[in-house]
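Engineer: coordinates only, sequence not included:
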């Protein structure tokens, strides 16, 4: 079926069922960022492969609403699909709601699968549109069009040992129950896959890049029910979970069980639970909408996790050293393209026995491609790397002992003055963040200002966040903290792992970004209170060859030299002698 | 009556009326920061004169809830009053609600005057406590205890000419109605006195330090009703307002008129309107709770206002120059105390014919007194200034052409190394803010991080905000923008006037603060967007004699030298030759 034929099929069903508009979001029943194949509905219908977007279809219009990151890609991919690109003015906002309000008549009917929108979004759609007599139908129209739709994955579940995660399920459950008690919640619905993986100390491979297991849970003071496909569990694991008093039920039973709750209060995270589950709650159930307590609990890494992450960083640093050495040696000698570079860094990472997969699609951009902050090369866009200009590599892996995410930009030969300046300015902004000291309680948005001001003074800015939380052998994007301009009132607290990654992007020319993962540690306590600081967990040398010294302060140069020296010291014994000598050269103080 | 007798009287009425607890907040029917004498209820009952606090009284406890700024003062003032100090953990939070919940039985009755709490606070009190069967009575118990309670002021109203304010009432009204139309509001209640003063181009003297007029207004698409005591208006002003189609009604009629609204939607600012008015709304009135549109409109100063503010700054700068010259000449020659310094700076300000009063109680702290950021001297605390250490003066005036607020810290003789270091660090933080460039849309909390990081790096912080908006010949604290750590998601936009005022406070030793008012102007537009910057409006030299040069970057020294040179150039022709020569010395580049 062509995309146009699929669209016709959808419209036929809509006409038969008296549906005036349908919405196809890009999520799954767990409101995930990355979704299983079964939920790649937008790709199936329109060909668009970006990670964020929404389709809205009426009898005479079919559109994809997506944000500036994907304008170019969507324009290309939607060609001939029958779908038009609608450019979002503001990222992550449901601007299609207003459009539907303006284009549908009174009493119109809108269909969407309540399972793949969050409670918050479902309510927003309904409250914005229902005033005009618009009604809603909870239906997954794709079921009638998508023959051979992929089934849900049934990959095996791994249970982490205590030495791998530092805190037993029983202990985490006790912490969670304390929170539920504080919030006077009798029952707690958990649907967010990373929270579930953290609580139950399970990992899986049901979703690309996220080592999670498709499941839900209902937790009360006396019972824990895990809704998961039993095929995913070995007998041994099933026995272990039973021993931990976890009641196992089939994945879909959550829908019948939640409907049977009565006369209790339930804690539901309205951003991390689906609207379908919410709509099944009986009228006698009191709904307490709060962020899942596990979001906060899992963001503070315990001592075992931190020690393990350090090991993962050594493994990752070795892979990165080998990659950049290989790149320097072979550039312009053998054919190296963005895609072959992506394969090579994966190859070096895979050499480590604890490697468990990529933590996101590798961003490898040469020259002008690096000016697209989220560019990942494919067969059509792939270009050869030449012995000049800048190459940006933003990549990361899951290890059984942690998750990495690191960006380095390196010169491949001659660079322009503008490239050198931009490289140094990004480094300056990065170091301002990395070397920051701040009172306990400081929010990410204040640290964002500290990092960006180095670029703002030059009339430069970047369109993405400065940093995000990172999971422990879990999702590479993990809340609740965030370093960015938005008013996320969450402190960057002791024990959190957060990226710092400023950049400069000159469309058509080049892109620069430098990123480390940072552990928040205690700096000092003075008469003015407790102050925190960052410790760089990432172990990858920062290229010094194209730095314009005058753009850095003496204390910034000190920070850089100390950092590179630490990288060398921590990696040298894991490298061959030749590799260590090469790295020593890269890490030499300037 | 002693405070204890007053408390007994209140308790007798409570007992007679079956009231278990009563609340006495520190506000007025306009939810003002500064209130008319009639509403200084906390001072009347307990003797406490701080600007923020709440009394809660039960049969066996009477407490004042206030924040850390007032702990020392409250302890002293409450002695023997029968009231105990309850220390707020978090500033500006109603922690007494929880206390009442814990100490009152089921079915208890709480009394408070609904007129002196905001809609938001009234709702919070009720929703937090009503679950436990607690009921509420809208009563002003002070009416029965406070004989000779001051009546409301009936000071004369001034109408500003167009040349004084740059935009006619008609034009402001049109802007406001556009906003009401956008928000689909049929009627708009305005109770916040600075918004009313701005909209109607009126000024008064009903409240200390705020040149406002006690009034309310109801505004619809076709009518404007101003509720104001007619005695405040001259015949000419009444005629002018009638000409502008403003219907004048007695101040208290707002309560009867709002109760008569039916079948419409009303825009009410739940932080800037009182709970009593809100409770009078008929069930058929739809309540749209938004910030008063005038809050945003008045924050963007028009060209006339900006030009006028510049004139006010010259007048203020002349007064400050004269004051500091006088201080330097007479220190240790004649007796100068904090209070006499306060009188002297006021004297120099009053020399300007356009001076219209102080914009806040002058903060004049010598040595350890300056370590209390909000210290204002009184007869008991007053000390003599000596020829050593630091003197902090935070003061401001209203001029018919603008409002000022400026802080300077100056050495009076020998200073310690710590004083010099702290002085320079504060200056460094101040200049980081003053010289900041930032993209349009940047929020105050990001700028806060930029300013504070200079101090954070040294393990230093300060417990107050970095900056606040300032009105045009209006309140010295004006929203919506704010430079501080709280997540106030308001951009510091073009045309706003905002203070920048970092500080360091060493209890028992000294305090340093440096503050200018800043106009946000356009810096440049680059390929990365539009960037804004600050222009210092304040014209007062910054002392350079105790700067530790090595703690400032070369570009910071440049900023400082340029600033002082500008101060000299803009003031010199307004000074006597002797004064100009003295100022030239103070402004000499270092």
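Structural biologist: Now that the structure is in, tell me what you want to look at. In this text the structure is predicted, and so the values were computed from the model without any measurement. Numbers count the residues shown, from 1 in each chain, chains lettered A, B, ... in the order given.

Engineer: and residue A:437, how many neighbours does it have?
Structural biologist: When neighbours are defined as other Cβ atoms under 10 Å in any protein chain shown, residue A:437 has 18 of them. Bear in mind the C-beta positions are built from the backbone N, C-alpha and C, glycine included.

Engineer: ok, residue A:339 - contacts?
Structural biologist: Shown in contact with residue A:339 (Cβ atoms under 8 Å, 6 or more residues apart in numbering or on different chains): A:364, A:377-379, A:382.

Engineer: helices along the stretch 101-250 of chain A, start to end?
Structural biologist: A:119-129, A:162-165, A:169-182, A:193-200, A:235-243 (DSSP state H, counting those that start in this stretch).

Engineer: most packed of those?
Structural biologist: Neighbour counts (mean count of other Cβ atoms under 10 Å in any protein chain shown) averaged over each of the helices of the stretch 101-250 of chain A peak at helix A:193-200, with a mean of 26.

Engineer: thought residue A:38 was touching residue A:149?
Structural biologist: Yes: taking Cβ atoms under 8 Å as the definition, residue A:38 is a contact partner of residue A:149 at 6.2 Å.

Engineer: about what we covered before: how about the contacts of residue A:339 in TSV, adding distance to residue A:60, pLDDT and secondary structure?
Structural biologist: Output for the contacts of residue A:339, formatted as TSV (distance: Cβ to Cβ, whole Å; pLDDT from 0 to 100; DSSP: H, G, I helix; E, B strand; the rest coil):
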residue	distance to residue A:60	pLDDT	secondary structure
A:364	41	97	strand
A:377	37	92	coil
A:378	33	90	coil
A:379	35	90	coil
A:382	38	96	coil
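
Engineer: let's have the residues you listed in JSON lines, adding distance to residue A:292 and neighbour count.
Structural biologist: Formatted as JSON lines, the contacts of residue A:339 follow (distance: Cβ to Cβ, whole Å; neighbours: other Cβ atoms under 10 Å in any protein chain shown):
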{"residue": "A:364", "distance to residue A:292": "34", "neighbour count": "26"}
{"residue": "A:377", "distance to residue A:292": "36", "neighbour count": "21"}
{"residue": "A:378", "distance to residue A:292": "35", "neighbour count": "12"}
{"residue": "A:379", "distance to residue A:292": "40", "neighbour count": "6"}
{"residue": "A:382", "distance to residue A:292": "40", "neighbour count": "16"}
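
Engineer: quick check: the two most widely separated of the residues you listed?
Structural biologist: Greatest spatial distance among those (Cβ to Cβ): A:364 and A:379, at 13.7 Å.

Engineer: which single residue of the stretch 251-400 of chain A ends up nearest chain B?
Structural biologist: residue A:371 (11.2 Å; Cβ to the nearest Cβ).

Engineer: chain B contacts on chain A?
Structural biologist: Residues of chain A found near chain B (Cβ under 8 Å from any Cβ of the partner chain) are A:432, A:436-439, A:441-443, A:445-450, A:452-453, A:456-457, A:459-462, A:485-489, A:506, A:523-524, A:526-529, A:531, A:553.

Engineer: buried among the residues you listed? Make that a ChimeraX selection.
Structural biologist: Applying 16 or more other Cβ atoms under 10 Å in any protein chain shown to the residues of chain A next to chain B, the buried members can be selected in ChimeraX as follows:
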select /A:432,436,437,438,439,442,443,445,446,447,448,449,450,452,453,456,457,459,460,461,462,485,487,488,506,523,528,531
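
Engineer: about what we covered before: looking at the contacts of residue A:339, which is nearest residue A:230?
Structural biologist: Using Cβ to Cβ, residue A:378 is the member of the contacts of residue A:339 that lies nearest residue A:230, at 37.5 Å.

Engineer: give me every residue that touches the residue of the stretch 251-400 of chain A closest to chain B.
Structural biologist: Applying Cβ under 8 Å, 6+ apart to residue A:371 gives the contacts A:365, A:505-511.

Engineer: take the residues you listed and write them to CSV, including secondary structure.
Structural biologist: Converted to CSV, the contacts of residue A:371 look like this (DSSP: H, G, I helix; E, B strand; the rest coil):
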residue, secondary structure
A:365, strand
A:505, strand
A:506, strand
A:507, coil
A:508, coil
A:509, coil
A:510, strand
A:511, strand
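
Engineer: a helix runs through residue A:498, doesn't it?
Structural biologist: No: membership of residue A:498 in a helix is not supported by three-state DSSP, which gives strand.

Engineer: OK, contacts around it?
Structural biologist: Taking Cβ under 8 Å, 6+ apart, one finds A:444, A:467-470, A:481, A:483, A:492, A:517-518, A:520, A:534 in contact with residue A:498.

Engineer: what's the closest non-adjacent residue to it?
Structural biologist: residue A:467 (4.9 Å; Cβ to Cβ, 6 or more residues apart in numbering or on different chains).

Engineer: can you check residue A:537 too?
Structural biologist: Residue A:537's closest residue in space is residue A:517 (Cβ to Cβ, 6+ apart), at 4.6 Å.

Engineer: same question for residue A:126.
Structural biologist: The nearest residue in space to residue A:126 (Cβ to Cβ, 6+ apart) is residue A:136, at 6.1 Å.
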